[in-house]
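# Structural data only, the sequence is not supplied:
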């Protein structure tokens, strides 16, 4: 987001901390969920670690997920049994460690035949070639779910699958296509607030770095430059010299050199581009684009009965209809993509999604006026040449390399990775780093609660007790709302809004002025877009208006020292991004003046 040059950008404390001490044991380039997870894991081992991202945290591939935490039943057909086993284990761990954001998700597959796909499945397993697309029939799905249940055995977190015939299926879900023959229902999990979960992981890493004492050579135990875990968004790696990696603050344009004993390239689908910047040409990535639309359609929402519909279309693509946050999310596509180009949900994809809805719920009309939000991203998949996108491995790999101008500095490039396995991936990547720097692991994150999941009350009685204990001057309803939104980290929000004047937002009374100020002060908000896309749900649910952007810009700008002109520019720039890349229709007019 560009700004006029006459207003000097404000110095950011986290960037100043990097400049004050431009060295760490480990520099992680890429602040998506996998880079952040690795950052947290290393910080917990007491390693001096830094993570930077050229944009906002979690604004790349991590921002475009299907909001699923799943074992990956579809991966069985690809023969990726290791990944399925790990994914099921990590799904169950997240249900325990992040219960404030990760919830069980009942999932139903509508099935239209008995034997379809039985002949093609072994061919696909052996060759990873799609052949003639066919929907999977009941026999194949039953076999897959039975194996899936075996992988889940011992976790004790979720029920086993069940099959129903046509009569019972339509009795439970009367809006379904009457041509179906069966339904299969199983459980995975949903992450309702994926970006907020990632911010919790980041905050845990920063807290671990502060708790482990000052880094060697910092000269002080106080101040962010003394921490062993530092992070900065809107900081880009732009080159390498003999003095180190050249980092650029994208807000000021200022560049500085930064050295590290190990560099981790966790920049997702842009991994090859980052390696190129560091002087090492690689051809590791072959990402595919996945798009989604979000519909405000109450009839469709009700027809799902609080469950996700998950199925294979007749073209072989896996697709979903997911009721979420009072809306219905429909996705996803799987198209080869160029990471140099912005990923945008196209009208052709919208037509495709509408066809999917009509296939599953033929009597429920959908049209473009119901779309409140669109989003698209590029999956960080490995190069796959002629392999069909749907059959490209979703597993991950760590590739060793180097930066030619930094002899003796290893570069570890991450290929692949997904939300479900971020903890395990971070642990494995950390182990590779620890071996390189000669440090022993002291703690595993496998059973470690995340952020607001620490001591989260998982029953109604315990939630009521928590609210009673912590609500202070707030109503029970308001404290319960904050507990739902932030987990047990709601205590920090409650303390913050108790210390300053607080009132409901004029354009969204479910948020308050003090709550927004707390987010801006404590969660590295740099632009208004960061606030509406990744710190709150305002964009996803389609509730934004220009007047609401004005109100949020006033609050954020007062915290960040924005002039009236800067506030107006933030509103205009945010509105432009939301309409261009997310298809939003923003009512109202720009009220702020320069």
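Sure thing, it's come through. Everything numeric here is computed off the predicted structure, so don't read it as measured data. Numbering: from 1, shown residues only.
# which SSE is residue 114 in?
In the assignment (DSSP states H and E), residue 114 maps to no helix and no strand.
# show me what contacts it?
The contact partners of residue 114, taken as CB atoms under 8 Å, 6 or more residues apart in numbering, are 137-139, 181-182. Quick note: C-beta positions are derived from backbone N, CA and C, even for glycine.
# And residue 433, by the same measure?
Contacts were defined as CB under 8 Å, 6+ apart; by that measure residue 433 touches 26, 38, 42, 47, 262, 264, 412.
# Read off the pLDDT value for residue 169.
According to the prediction, residue 169 has pLDDT 97.
# re earlier: go through the contacts of residue 433 and flag which are in strands.
In strands, defined here by DSSP state E, the members of the contacts of residue 433 are 26, 262, 264, 412.
# Rebuild the residues you listed as a markdown table, extending it with pLDDT and neighbour count.
Conversion of the ones in strands among the contacts of residue 433 to a markdown table gives the following (pLDDT from 0 to 100; neighbours: other CB atoms under 10 Å):
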| residue | pLDDT | neighbour count |
| --- | --- | --- |
| 26 | 98 | 24 |
| 262 | 98 | 22 |
| 264 | 98 | 28 |
| 412 | 98 | 20 |
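# re earlier: in strands, which of the contacts of residue 114 appear?
In strands, judged by DSSP E, the following of those are found: residue 182.
# Of the contacts of residue 114, keep whichever come out buried.
Burial of the contacts of residue 114 was assessed by neighbour count (16 or more other CB atoms under 10 Å); the buried members are 137-139, 182.
# any idea whether residue 85 is helix, strand or coil?
With DSSP: H, G, I helix; E, B strand; the rest coil as the basis, the three-state label of residue 85 is helix.
# tell me which element the closest residue in space to it that isn't next to it in sequence is part of?
Closest residue in space to residue 85, ignoring its immediate chain neighbours: residue 151 at 5.4 Å, by CB to CB, 6 or more residues apart in numbering. In the assignment (DSSP H and E), residue 151 maps to helix 138-152.
# what comes into contact with stretch 422-432?
Outside stretch 422-432, the residues touching it (CB under 8 Å, 6+ apart) are 33-34, 36-42, 45, 86, 89-90, 93-94, 97, 201, 264, 266, 396, 398, 412, 414, 417, 441, 444-446.
# which of these are buried?
Buried, going by 16+ other CB under 10 Å: 33-34, 36-42, 45, 86, 89-90, 93-94, 97, 201, 264, 266, 396, 398, 412, 414, 417, 445, out of the contacts of stretch 422-432.
# which residue ranges form the helices in the stretch 451-594 of the chain?
Per DSSP state H, counting those that start in this stretch, the stretch 451-594 of the chain has helices spanning 460-470, 476-486, 490-499, 513-522, 528-530, 546-560, 564-582. These are given in chain order.
# Helix or strand: which one has residue 345?
Following DSSP H and E, there is no helix or strand that holds residue 345.
# what's the spacing between residue 308 and residue 238?
With the distance defined as CB to CB, to the nearest Å, residue 308 ends up 41 Å from residue 238.
# So for these two, which residue has more residues nearby?
Between residue 308 and residue 238, counted using other CB atoms under 10 Å, residue 308 has the larger neighbour count: 22 against 14.
# Excluding chain neighbours, what is closest to residue 497?
Leaving aside its sequence neighbours, residue 497 sits nearest to residue 514 (CB to CB, 6+ apart; 3.3 Å).
# re earlier: just put the buried ones among the contacts of residue 114 in JSON lines and tack on pLDDT.
Formatted as JSON lines, the entries for the buried ones among the contacts of residue 114 read as follows, by pLDDT from 0 to 100:
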{"residue": "137", "pLDDT": "83"}
{"residue": "138", "pLDDT": "87"}
{"residue": "139", "pLDDT": "90"}
{"residue": "182", "pLDDT": "95"}
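# What is the most widely separated pair among the residues you listed?
The largest distance within the buried ones among the contacts of residue 114, taken as CB to CB, falls between 139 and 182 and amounts to 10.2 Å.
# and the spatially closest residue to residue 454 that is not a sequence neighbour, how many neighbours does it have?
Setting aside the residues directly before and after it, residue 454 is nearest to residue 488 in space (CB to CB, 6+ apart), at 5.6 Å. Other residues within reach of residue 488, judged by other CB under 10 Å, total 18.
# just for this structure, where's the confidence low?
Low-confidence segments of the chain (pLDDT under 70): 1-8, 115, 117-135, 154-156, 212-224, 314-316, 385-392, 588-594.
# Spatially central residue for it, please.
In the chain, the centroid-proximal residue (CA atoms, centre = their mean) is residue 62; its distance is 3.7 Å.
# tell me the secondary structure for that residue?
Relying on three-state DSSP, one would call residue 62 helix.
# Identify the residue spatially nearest to residue 476, adjacent ones excluded.
Taking CB to CB, 6+ apart, and ignoring the residues beside it in sequence, residue 476 has residue 467 as its nearest neighbour in space, at 5.2 Å.
# still on that earlier bit, quick one: the residue nearest to residue 497 and residue 492 touch, right?
No: here residue 514 lies out of contact with residue 492, judged by CB atoms under 8 Å, at a distance of 11.6 Å.
# quick one, which of the two is more surrounded?
Under the neighbour definition other CB under 10 Å, residue 514 and residue 492 were set side by side, and residue 514 has more, 19 against 15.
# so who does that one touch?
493, 496-497, 500-502.
# Go through these and name the one nearest residue 257.
Minimum separation from residue 257 among these (CB to CB) is found for residue 496, which lies at 36.9 Å.
# I'd like to know how many residues surround the closest one.
For residue 496, the tally of surrounding residues (other CB under 10 Å) stands at 17.
# Quick check: it touching residue 520?
No: between residue 496 and residue 520 there is no contact under CB under 8 Å: 10.9 Å.
# If you drop the residues flanking it in sequence, what lies closest to residue 416?
In space, residue 416 comes closest to residue 396 once its chain neighbours are excluded; the distance is 3.5 Å by CB to CB, 6+ apart.
# returning to that earlier point: distance check, the residue nearest to residue 497 against residue 22.
Per CB to CB, residue 514 is found 36 Å from residue 22.
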